[in-house]
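Peer 1: dropping a prediction and its sequence here:
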Amino acid sequence: MAYTIQALAEAIGGVAHGSIDLTITGAAEPAAARADDIALAMRPAFADTLKTGAARAAILWDDADWQAYGLEAAILVSRPRLAMARLTERFDRGQGYTLGIDRSAMIESSATIGSDTSVGPMTYIAANVQIGDNCLIGPQCYIGDGVVLGDGAVIHAGVRILARVRIGARFRASPGVVVGADGHSFVTPEESAVEQARATLGTEVTAKAQSWQRIHSLGSVIIGDDVELGANTTVDAGTIRPTEIGDGCKIDNLCQIGHNVRLGHDCLFSAQTGVAGSTVIGNNVILGGQVGVSDNITVGDNVVVGGGSKLLSKVPAGRVMLGYPATKMDQNLEIYRLQRRLPRLFEQVAALQKAVFKTGDKD
């Protein structure tokens, strides 16, 4: 992969300066950059280390004095992280998966595979599967009965997509993803302790010990276009209706989407987030790392939830939430400030009590 400064600037939406015909073959942090790398120095603090490396060109912020850093060329960008997205796409060398259909892959005769689609070693594609054009399916994957997979999918090693899952175009699944496994749904013959605890808020729990009986998952999963699932993330099948993930959702590693959940479009979830069953989440919702969302609640559009928070009840659209249980961020921070003052407050109360008691003794 080689680009001139001018070509790279056009590709990432920047403005080229200096020796625009200089050839670039890679990208690096400033201190580690070689002569044919472009250094990523999109903030002044990063640019200060340019002289440590050997880069002749760098990507800088839009009003940077690029010549002051002794560079031969520069690309100036107004939105650095967007430029980073476009740059990394150009230089991504992929995982080196086999192109074409590997001899060890097993594909049932009723499955249909689109044009220019690759299937890696030891992958199994079940009956009645429909896979679109220009897909890349890595080694040791499982594509279950009746799965529909749209054009342009990238399925990394060890992904399991179970029966009847329907997925749109340009899907990306990192290693270990499981889509369409049974939901965690069980019932007891008589009212259980958890049912009583929920109904009475824990004041009356008298249920006897019982064995759990499975509620089977008949609904599978529907995933829209341009969805990405991180490594070891799981999406459970719905009980009767499908679990749904809208277009453009990006879900990080080690996340869990429970049965019957509905996600709107363009949601962004960080690692170790869990959404419990039958919850409805709106569009453009952002959940930080280790966020927990209770079952059977709704979360409105454009909600932002800070890392480690736990949503236990309905959240209106547009709220910024933090804490356990999560409250509006400004309220949570005020509560935290007051909590920090509690030791001093107790000391003051104790001193007042002591003073009152001494006054009483004198009377």
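Peer 2: Everything's here; your move.
Peer 1: all contacts plus neighbour counts: C-alpha atoms, from now on.
Peer 2: OK.
Peer 1: buried set for the lowest-mean-pLDDT helix or strand in the chain?
Peer 2: None of the helices or strands of the chain scores lower by mean pLDDT, DSSP states H and E than helix 329-362, at a mean of 83. Using 16 or more other C-alpha atoms under 10 Å as the burial criterion, the residues of helix 329-362 that qualify are 329, 332.
Peer 1: packing partners of it?
Peer 2: strand 320-322 (3 or more C-alpha pairs under 8 Å, 6 or more residues apart in numbering; DSSP states H and E).
Peer 1: list the buried residues for the strand it packs on?
Peer 2: By neighbour count on 16+ other C-alpha under 10 Å, the buried set for strand 320-322 is 320-322.
Peer 1: and for stretch 95-109?
Peer 2: 97, 101-102, 105-107.
Peer 1: in TSV, list those residues along with pLDDT and distance to residue 342.
Peer 2: Shown next, in TSV, are the buried residues of stretch 95-109 (pLDDT from 0 to 100; distance: C-alpha to C-alpha, whole Å):
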residue	pLDDT	distance to residue 342
97	89	58
101	96	66
102	96	66
105	97	64
106	97	65
107	98	66
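Peer 1: which one of those residues is nearest residue 221?
Peer 2: Nearest to residue 221 out of the buried residues of stretch 95-109 is residue 107 (C-alpha to C-alpha; 22.1 Å).
Peer 1: low-scoring stretches of the stretch 51-200 of the chain, by residue?
Peer 2: For the stretch 51-200 of the chain, applying pLDDT under 70 flags no range at all.
Peer 1: please, where are all the helices along it?
Peer 2: 80-91, 193-200 (DSSP state H, counting those that start in this stretch).
Peer 1: residues contacting the first one, please?
Peer 2: Helix 80-91 is contacted from outside by 1, 8, 11-14, 26-27, 42, 60-61, 77, using C-alpha atoms under 8 Å, 6 or more residues apart in numbering.
Peer 1: these two touch, right, residue 193 and residue 205?
Peer 2: Yes. At 5.7 Å, residue 193 and residue 205 qualify as touching, with contact defined as C-alpha atoms under 8 Å.
Peer 1: turn the buried residues of stretch 95-109 into JSON lines, columns for distance to residue 129.
Peer 2: Listed next are those as JSON lines, based on distance: C-alpha to C-alpha, whole Å:
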{"residue": "97", "distance to residue 129": "21"}
{"residue": "101", "distance to residue 129": "15"}
{"residue": "102", "distance to residue 129": "18"}
{"residue": "105", "distance to residue 129": "14"}
{"residue": "106", "distance to residue 129": "12"}
{"residue": "107", "distance to residue 129": "9"}
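Peer 1: in strands, which of those residues appear?
Peer 2: Judged by DSSP state E, the subset of the buried residues of stretch 95-109 located in strands is 106-107.
Peer 1: understood, closing this out.
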